[in-house]
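Peer 1: Sequence and computational prediction follow.
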Amino acid sequence: MFAETVLHSGGITEGHASEAHAAHLIRRALHRGYTVTPTPDGGACITWTARRLGSGSLIEEPRSVVLTPHTPAGHLHASVRTALHAIARSADAHADLDKQDRPRIRLSADAEPVDVRTTSRLYGCRLVTEERGRVRLTLTATLALLAAHGADREDLAAVFLPAPTAVAA
């Protein structure tokens, strides 16, 4: 969940956005050519300039949507970043238990699992979630990683926009 702050012509509106809605806003902003800046806490700031005619002249007004995660990502230590990258690349990341029944994340049958301490941090900071038995990064984790790497528009588009498919003639 995210807190959503919208700067519009009537002032400022605050509300909440689900992960799905926040991802939709980011995709739509990228399609429209707006500036999307991921933040280190796992949020994003979307900015653009609205243009309208008023009193015979063009009026330009700044607009923005700021998405702030309810649970900030916090500082991503090297071990956490490494685990997040491995989970993002793994098609088969899933949760299991170690010999002491402590949760951990297994990336694949032949790969070394994410250690218990890092797994605990990933779940505790809500950087990962489970869907249908698979572990995936949350939007907060994705945005925090992008911010940590100084992602530009092309990096964001590679993550949020689907690759074009070839059409057979």
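Peer 2: Received the coordinates, thanks. Numbering: from 1, shown residues only.

Peer 1: Would you mind listing the buried residues in stretch 103-112?
Peer 2: 104-107 (16 or more other C-beta atoms under 10 Å). Quick note: C-beta positions are derived from backbone N, CA and C, even for glycine.

Peer 1: Next step: those restricted to strands.
Peer 2: Here DSSP state E is the test, and the buried residues of stretch 103-112 give 104-106 as lying in strands.

Peer 1: which SSE is residue 36 in?
Peer 2: strand 35-38 (DSSP states H and E).

Peer 1: Pull out the buried positions in that strand.
Peer 2: 36-38.

Peer 1: Pull out the buried positions in the next helix-or-strand element following that strand.
Peer 2: Using DSSP H and E, the helix or strand that follows strand 35-38 in sequence is strand 44-54. The neighbour-count check on strand 44-54 (16+ other C-beta under 10 Å) flags 44, 46, 48 as buried.

Peer 1: partners of the last one in the sheet?
Peer 2: Meaning residue 48. residue 63 (DSSP bridges).

Peer 1: got the contact list for it?
Peer 2: 29, 32-35, 62-64 (C-beta atoms under 8 Å, 6 or more residues apart in numbering).
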